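K.L.:
Give me a model of this one.
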Amino acid sequence: MAKNEIWGAQWNSKNLLDGERSYLLHENLLPVMFKTKYKCNEWIKNKYGYIAKRKDLRAEPHGWRMPKPVKLDIKIK
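P.N.:
Numbers count the residues shown, from 1 in each chain. The predicted structure is shown next:
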């Protein structure tokens, strides 16, 4: 594992009205960030796991997908 890896949760959706959309998930106006991919996956499963079981949310008109963990590249000036 790299020394300073930071992971975030990326929301994904795809529907006819909006097309494909993705963005980082936030809580209290701050992006959620984790030190490990495992912890990020656990948070996603606990908070958004219901999407995997709901065909109505994955179908039109919503087109929701399960959030995915993504490695963040943070630069501080």
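
K.L.:
residue ranges for the helices of this protein, please.
P.N.:
All helices of the chain, identified by DSSP state H, fall at 37-48, 50-53, 55-58.

K.L.:
could you say what helices and strands the second one packs with?
P.N.:
So the one you mean is helix 50-53. With contacts taken as 3 or more CB pairs under 8 Å, 6 or more residues apart in numbering; DSSP states H and E, helix 50-53 sits against strand 64-72. Every C-beta, even on glycine, is put in place using the N, C-alpha and C of the backbone.

K.L.:
cool, and the first one?
P.N.:
Helices and strands touching helix 37-48, by 3+ CB pairs under 8 Å, 6+ apart, are strand 6-15, strand 64-72.

K.L.:
roughly how far is the last one from the heart of the chain?
P.N.:
Yep, that's strand 64-72 we're talking about. 3 Å (CA atoms, centre = their mean, to the nearest Å).

K.L.:
What strands line up against it, and which way round?
P.N.:
Under the criterion DSSP bridges, strand 64-72 sits next to strand 6-15 (antiparallel) in its sheet.

K.L.:
so can I have JSON lines of the helices and strands packed on helix 37-48 showing mean pLDDT?
P.N.:
As requested, those are exported to JSON lines (pLDDT from 0 to 100):
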{"stretch": "strand 6-15", "mean pLDDT": "96"}
{"stretch": "strand 64-72", "mean pLDDT": "97"}
